[in-house]
Every structure is written in structure tokens, then in C-alpha cells.
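> this is the structure alone, sequence omitted:
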């Protein structure tokens, strides 16, 4: 994932409303939203190359998502490590968010730069192996409210993070029922940021421009999937996915709803 905006315990009927874009090279094979063949209790997209996932849920309502941290130096200390395994390992485990987030903090140092969100029906945690500003090493409990995460720390005021957070906040404020189309609409924004607003992350200015919109279209790289997750207070969980190819052309859609099992042990 390269953009995640979410309302956590900020809507009276939906403890989680999440909208996210996965940006990736177009030739990297992946599987669409589905229950996994080897883990039928896990729902999400899947990276074929390494076997992990960018965003997935367990049928008990636990979920996780990961973004890269863009700092111009993302080489891993170990070539066998994939950031997508951080998501996979959580949703395929029996751990609750708090325990997993604390356990992964030290091992995370060996991975390329990344941010991880892990949640369950009671709590949500942010963990990163890069730290700036108010964010420090360790598992950080995420406060109720509307948040955004791209390729820097949680709620870093990048233009696309601020823009999509504002739109999500308006949706939460104005609607009793979050609109699937409106959530996908905020993810579909292809408007680039002004040069004066661009962050400096160690990549050339040309790439900063390309990567600045919420939805990215650029040659061999771009937004491959947009995902909306709605978790209702009654236990219903719906995941919607729209997939894209070259030029940002839509390739398909899929929606799955399940009733959350009791995750408390």
C-alpha cells in the first residue's frame, strides 16, 4: 500500500472505515481479493512473488496493512524478508493487535523501510522502522479519529494524505452510511501536488511529482488496486476491491462480506 486513510472509532455505526491504494510495478504478479487457498480464514489480495499481502483481514475481524517508507534507502538487511509477510503473519496468527505489534517491533528493524497497521475489534496499533517527529520506536496505539498513512509516518501532512483525510472526514460527518462509490472516488484522485508542496524523500523531483497524487499512473508503475473496508458494529465486514492495469484502466471489481467471528480469547 502507498496510501491508506481510515476512520477508527469515529463513526457511530462503523468502528472502521478504510480506503487504500496499492501502488506497485505493473509486471509484479498478484491475486485479487479472495479467501486464500492455504488459509480460508483469511481474506485479502496477495502478492504472488513473495506470498504476502498489502491488506488482509481474518474472519474474526483482525486486519493489517503495510506501506513502504520512502527514504531513498530501502534495502533490506535480509533479502528473504518481504514487508507483505508482516501482514500475512498477523492475520494468519492467533495474536491480538497489541501483542503482535509489540512482538514485531524489534524484528521490524531488519526489513526495508515500512509502516504497519494492525487492528482487532478493540484496538489499533501503528508500528514503523523509521521514526520522525512525535513517532518513536515501539508499538503506538492509534487514537480514535480520521488518520492517513502514505510513505512516511502516520498523519505526515503530505498533500495527498491531507486531501484524502479531509474528504474522508467530510464523508463521516455527512453520512450515516459510508458510500462505497464516494470512498473509491477519493482514492481515484489523479491531481498532482504543486512543486512547492512536494516532500523531499530522497528520490528525484520527477518521481516526487509522479507519486504525489492519491491515484498514480506512470508507465510501468502505478496504482494496481483500490480497496475499501467497512466494519460494522453488528459484526459485518465488507471488503470492496477495484483492480487497475496500464494507464489506470480498470480491470475488475470484487466485493466480499462476512460476519465477524468472536476474536476475544
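Happy to help now that I have it. All values derive from a computational prediction rather than experimental measurement. Numbering: from 1, shown residues only.
> hmm, who's touching the helix or strand hosting residue 102?
Using DSSP states H and E, residue 102 falls within helix 97-104. Outside helix 97-104, the residues within contact range by C-beta atoms under 8 Å, 6 or more residues apart in numbering are 62, 86, 90, 93, 95, 116, 118-120, 122-125, 127, 138-139, 141. All C-beta atoms are positioned from the backbone trio N, CA, C, and that covers glycine.
> now, which of those lie within helices?
Those of those mapping onto helices are 86, 90, per DSSP state H.
> type out the PyMOL command that picks the buried ones from the contacts of helix 97-104.
Buried members of the contacts of helix 97-104, defined by 16 or more other C-beta atoms under 10 Å, are picked up in PyMOL with:
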select buried, resi 62+86+90+95+116+118+119+120+123+124+125+127+139
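> ok, which stretches of this protein are helices?
Ranges of helices in the chain, per DSSP H, are 84-91, 97-104, 159-174, 180-187, 205-210.
> can you list the buried residues in the second one?
When burial is assessed from 16+ other C-beta under 10 Å, helix 97-104 yields the following buried residues: 97-98, 100-101, 103-104.
> can you list the residues you listed in TSV and add pLDDT?
Listed next are the buried residues of helix 97-104 as TSV, based on pLDDT from 0 to 100:
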residue	pLDDT
97	98
98	96
100	97
101	96
103	95
104	94
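> out of those, who's nearest residue 28?
Among these, residue 104 lies closest to residue 28 (C-beta to C-beta), at 24.0 Å.
> quick one on the thing from earlier: dump the helices of the chain to CSV, plus distance to residue 2.
Formatted as CSV, the helices of the chain follow (distance: least, C-beta to C-beta, whole Å):
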stretch, distance to residue 2
helix 84-91, 13
helix 97-104, 21
helix 159-174, 9
helix 180-187, 11
helix 205-210, 12
